[in-house]
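**Q** Sequence and predicted structure are below.
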Amino acid sequence: GNADVDAALVTRLTEQSAGNALYLEELIRATAAGRSDVPETVLAMLQARIQPLLPELRRVLRAASVFGTTFWQGGVLGLLGPGATSDELAHHLQALFSLEIIERQRVSRYPGEAQYGFRQGLLRDAVYGLLTEEDRKVGHLLAARYLEQSGETEPLVLIGHYELAGQPELAAAHHEKAGDTARRLCLFATAQQHYQRALTGLRRRSAEPRPERDEDRRQHIDLIVKLVETMTVSDRRADLLPLLAEAEAQLQSIAASSGAASSGAASSGAATLSRADEIRKAWIDYLAGRVHYFSGNPSESLRYYRKVLPIAQRSKKRELLAYPAALVGTALMNQGYADRAEHWLQQSLAPLEQIGDRWEWLRAMGYLGIAQAVQGRGKEGWATLAAMRQLAASQPSSRLPATSTRAASAASTFFTYRRVGSMMACLKGLPSSVAGVLAPARSMHLRTRLKPLECTPADARPSTTSPGFTSWPVRILDFSTAPTAKPAR
């Protein structure tokens, strides 16, 4: 019934009509018919009010309407063109103010610029409706340039003008900024939308019949990297590898043009990359590794991560180093190469902690403790696992998966089970959820060529604070076919 009409809708229609009963009636009729646009009858009435004005006043209003309900004297002057003067414009604005069509606003968004507004939003819509399509495109382009020069920092404002000007490629940089802001606020769906629209603009620019610069290609790559980063853990991973292939193609074009520009490289056909472009290559490979990892394809993930690690170490990019080093170390440990695994696991700990990924840090610590112990340094391995357990226990349960705390606790008893000589029996003593975290039973191939392992006597259960270690040679036996492939490193 009428009593159920939304109060917000009533307020909006009342404000739109600005107290004019005739306008309000037309707006109500349009809303009841399911229309959200301004009725043509209302626009026609408002345009009839504008028609008797002097031509120069109508021209000022048309220029002002491009900005919206709020506009600035300097912006209108820029749209009017070189023939207009500041003094003439000030005189026309004063006349429109006297006619109660516009109003001067006390505070301006841009310091030193006089800010005005239409007294009625509907009147602005009516004036804007008088512009031709071509006038609108030119006007919005000039408005965007004025706003940028005035220091406008809101990307969505500039995006709106550039897109209404039919220039999505110019809107691309501002979509990217809006995406960056959304990503910082963890609004990943919004960030993806902005990055995708920015990418559409860049693709359109690439399709234009003009030489593409390497800087354009680099912007293209950086945008894809940001987009894929926001989508890596989404349900749309199938879309990501083609995007990364697109970035790779752009990078190859950069390498080709760099090689052609350098003497000697052109004749030899060698393709070179600058240090910054080398890091871009690492990001592409890193994200390809992440996509494969989350898609349940660890072998492909490792292949990409191994390519990332040398660049990550040289560039000291912590995220590039953290996850690849942890996964390569884990793979080496699973293959039985504990000494090589220890190196990469140690490399991963500091960047993982800096990133704040406690879950992956705990996993790396667990594998590191095992790697140290099976090389004959049981006390050191125990201390690593104890530190892992202590950290897991200190974390709020909401910040870590439940399995991480159980993994840390169970790992500390790994070496002290009665039947430690049998890997399968050892793993049966661990909670099933932990076995998948620290040591997948069917993939862990610890060689029998290990050094003696210090461990507690078989009939003693360990103390979590003061374990009693003795020298006790132990072999963790292979329980499936030893790997024939070369180690991960």
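**A** Received the coordinates, thanks. Residues are numbered from 1 along each chain as shown.
**Q** three-state assignment of residue 116?
**A** At residue 116, secondary structure determined by DSSP: H, G, I helix; E, B strand; the rest coil is strand.
**Q** does it really touch residue 69, like I thought?
**A** No. Judged on CB atoms under 8 Å, residue 116 makes no contact with residue 69 at a distance of 9.8 Å. Heads up, the C-betas are built off the backbone N, CA and C, glycines and all.
**Q** quick one, which of these two is more surrounded?
**A** Ranked by neighbour count (other CB atoms under 10 Å), residue 116 and residue 69 place residue 116 first, with 22 against 17.
**Q** With just CA atoms, put stretch 194-212 into PDB.
**A** The C-alpha coordinates for stretch 194-212 follow below in PDB (Å, rounded to 0.1, in the frame of the first residue of the first chain):
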ATOM      1  CA  HIS A 194      39.100  -1.700 -12.100                       C
ATOM      2  CA  TYR A 195      42.100  -3.600 -13.300                       C
ATOM      3  CA  GLN A 196      40.100  -5.400 -16.000                       C
ATOM      4  CA  ARG A 197      38.700  -2.100 -17.300                       C
ATOM      5  CA  ALA A 198      42.100  -0.600 -17.300                       C
ATOM      6  CA  LEU A 199      43.400  -3.600 -19.200                       C
ATOM      7  CA  THR A 200      40.600  -3.200 -21.700                       C
ATOM      8  CA  GLY A 201      41.700   0.400 -22.300                       C
ATOM      9  CA  LEU A 202      45.300  -0.600 -22.800                       C
ATOM     10  CA  ARG A 203      44.400  -3.300 -25.200                       C
ATOM     11  CA  ARG A 204      42.400  -0.800 -27.200                       C
ATOM     12  CA  ARG A 205      45.400   1.500 -27.300                       C
ATOM     13  CA  SER A 206      47.600  -1.300 -28.400                       C
ATOM     14  CA  ALA A 207      45.200  -2.000 -31.300                       C
ATOM     15  CA  GLU A 208      45.600   1.500 -32.600                       C
ATOM     16  CA  PRO A 209      47.700   1.900 -35.800                       C
ATOM     17  CA  ARG A 210      50.700   3.500 -34.200                       C
ATOM     18  CA  PRO A 211      54.100   2.200 -32.900                       C
ATOM     19  CA  GLU A 212      53.800   0.800 -29.400                       C
END
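**Q** What residues of it count as buried?
**A** By neighbour count on 16 or more other CB atoms under 10 Å, the buried set for stretch 194-212 is 194, 195, 196, 197, 198, 199, 201, 202, 205.
**Q** Between all of the residues you listed, which two are at the greatest distance?
**A** Using CB to CB, those span at most 16.7 Å, a distance reached by 194 and 205.
**Q** what about residue 250, distance to residue 200?
**A** 15 Å (CB to CB, to the nearest Å).
**Q** same thing with residue 284?
**A** On the measure of CB to CB, residue 284 and residue 200 end up 20 Å apart.
**Q** what does residue 152 give?
**A** Distance of residue 152 to residue 200, given as CB to CB: 22 Å.
**Q** same question, residue 65
**A** Residue 65 is 28 Å from residue 200, by CB to CB.
**Q** Where does pLDDT dip in the stretch 101-250 of the chain?
**A** Residue ranges of the stretch 101-250 of the chain with pLDDT under 70: 233-236.
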